[in-house]
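Participant: How does the following fold in three dimensions:
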Amino acid sequence: MSYSDYESVIGLEIHAQLSTKSKLFCSCSTEFGGADNENTCPICLGMPGTLPVVNALAIEYAIKIGLSLNCTVNHNSVFARKNYFYPDLSKGYQISQFEKPIAEKGEVQFYLNGERRKVGITRAHIEEDAGKSIHQGDSTLVNYNRSSVPLVEIVSDPVMTSPQEAAEYARTVRSILLYLGVCDGNLEEGSMRCDCNVSVRKKNEAELGTRTELKNINSFRFIEKAIQYEIERQIDLLESGDKVVQETRLYDSAKNKTLSMRSKEEAHDYRYFPDPDLLAIPAPSNLVKEIESKMPELPVEKAERFCKSYQVTSDDAFVLTQSREMAQYFEDVVSRCEEPRLAVSWVIVELLGKLNDSKLEISESPVGASALGDLLSLIKDGTISGKIAKTVFSTMYEKGGSALEIVESQGLKQISDDSALIQIIEEVIETNPDQVAQYKSGKEKVFGFFVGQVMKLTKGQANPAKVNDLLKEKLS
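Facilitator: Here you go, the predicted model:
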């Protein structure tokens, strides 16, 4: 058997919790981490006689998401009841959208291994979250704090062909949501969750294979690993003469395997019908245009602008645009020092290296963008060398202070005066006659020895470019 005889077909359903302060149909708080059932009321508990009222900000956020995914925003979308019984679904149905979602028929573009990819979006619809079941031995407790928290479910077309592509698509969607400010993207707290639909078929076959759904995966790395395992599991089944069963499966990250959870329901199993307590959601063209006019520059657009405006590589642009805060930090550094290439290296290598070690986000950086820009300006005008700058940066990061203050207080200014450097160079040449003879006989590698001696005598403060020029002049 060869896995290469098969191809996989993958689609993702991403559930994004909207960053509203209140729930979708009531005024209860959406704050994470409250005491059990603290953030509940008769409406979100589904008590008889209660009526839901739609959160207007949630609708605005959903329209933003639809626009960012290049979707058509429907001027009138409809809430529907999705009927099924589960202990953490107090009403016995979930308020969602079915036939008329808020947005549909869009696409997401991103890069994978330097190649531009495009994944179609089937739909983006609004729905309420369910509660949370907590299993303790033979008993199950239910916490309804999460019940009726607003979600937007983003459903991709089944067009992805590899676990890596699926994970990168999910990262891109998360980045878009963060840029919009409509979801905090916290996978650990469940603010963003992903269901993966996976099927396999023999290459050159037109008909799709039977799909399985991998439920509630909360890590990009796990998305890759779960899909890869499921692809191989399905191929093994087919090769052994068995059939793939349509079902929902859970991913066990500790064992790196998927486990059967329940048979997969179809739309008719949920008996969708329009919710009689909720009117259609109006999204008139003037409202959509107003929201569109306030949309931020999104990650792929920003990365492409960085490549053109700052002549950075696509890989570097991808890193710099992972978040709005990162991109803004970089642009603030560039505006301060006017040296884009220098800024790229220092932000990605020096700053991110230290932030990663300290487990800090860019917004928590002890060195602000203007402070780093000032440091790079000192390199640009020759006040300090790149090597000295690293020492200064470490001091700024650990103790604070401006670059110039640290340079002056520690006497770190670069020696660029010709007369001072010539005096040191002449001393090095005079005390090393053997190396001078070797250089003049054609052994040019010895030149590095002279540079090293000059830097040693100046404690690394000599201007390297001037040292090279003056040494060549003296040795010739």
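Participant: What are the structural domain limits within this protein?
Facilitator: In the assignment given by automatic domain parsing, the structural domains of the chain cover 3-291, 297-409, 418-475.
Participant: How about the contacts made by residue 304?
Facilitator: Neighbouring residues of residue 304 by CB atoms under 8 Å, 6 or more residues apart in numbering: residue 317. No exception for glycine: its C-beta is placed from N, CA and C like everyone else's.
Participant: would you turn the domains of the chain into CSV with mean pLDDT?
Facilitator: Compiled in CSV, the domains of the chain are given as follows (pLDDT from 0 to 100):
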stretch, mean pLDDT
domain 3-291, 94
domain 297-409, 93
domain 418-475, 78
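Participant: what about the strands in the stretch 251-400 of the chain?
Facilitator: 257-263, 273-274, 281-282 (DSSP state E, counting those that start in this stretch).
Participant: So what are the sheet partners of the first one and their directions?
Facilitator: The strands that strand 257-263 pairs with in its sheet are strand 247-252 (antiparallel) (by DSSP bridges).
Participant: who touches the partner strand?
Facilitator: Contacting residues not belonging to strand 247-252 are listed as 212-217, 222, 225-226, 229-230, 257-264 [CB under 8 Å, 6+ apart].
Participant: please redo it, this time with the cut-off set to 6 Å
Facilitator: 212-215, 217, 226, 258-264 (CB atoms under 6 Å, 6 or more residues apart in numbering).
Participant: Now stretch 112-122 - C-alpha only, PDB.
Facilitator: Included here for stretch 112-122 are C-alpha records, laid out as PDB according to Å, rounded to 0.1, in the frame of the first residue of the first chain:
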ATOM      1  CA  LEU A 112       2.300  28.600   2.300                       C
ATOM      2  CA  ASN A 113       6.000  27.900   1.700                       C
ATOM      3  CA  GLY A 114       6.100  31.100  -0.300                       C
ATOM      4  CA  GLU A 115       3.200  30.100  -2.500                       C
ATOM      5  CA  ARG A 116       0.000  32.100  -2.600                       C
ATOM      6  CA  ARG A 117      -3.100  30.000  -1.700                       C
ATOM      7  CA  LYS A 118      -6.800  30.700  -1.800                       C
ATOM      8  CA  VAL A 119      -9.500  28.900   0.100                       C
ATOM      9  CA  GLY A 120     -13.200  29.600  -0.600                       C
ATOM     10  CA  ILE A 121     -15.600  30.400   2.300                       C
ATOM     11  CA  THR A 122     -19.000  28.700   2.100                       C
END
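Participant: quick one, helices of the stretch 151-300 of the chain?
Facilitator: For the stretch 151-300 of the chain, helices defined by DSSP state H, counting those that start in this stretch occupy the ranges 163-180, 220-239, 285-293, 299-310.
Participant: Can you list the buried residues in the third one?
Facilitator: In this case it means helix 285-293. 288, 291 (16 or more other CB atoms under 10 Å).
Participant: which secondary structure elements does that helix contact?
Facilitator: Helices and strands touching helix 285-293, as assessed by 3 or more CB pairs under 6 Å, 6 or more residues apart in numbering; DSSP states H and E, comprise helix 56-68.
Participant: ok, residues contacting the helix it packs on?
Facilitator: With CB under 6 Å, 6+ apart as the criterion, helix 56-68 contacts 18, 20, 24, 73, 102-103, 124, 126, 150, 152, 176, 180, 182, 281, 283, 291-292, 298.
Participant: would you turn the strands of the stretch 251-400 of the chain into CSV with distance to residue 65 and mean neighbour count?
Facilitator: Output for these, formatted as CSV (distance: least, CB to CB, whole Å; neighbours: other CB atoms under 10 Å):
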stretch, distance to residue 65, mean neighbour count
strand 257-263, 28, 14
strand 273-274, 22, 14
strand 281-282, 14, 16
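Participant: Fine, thanks again, bye for now.
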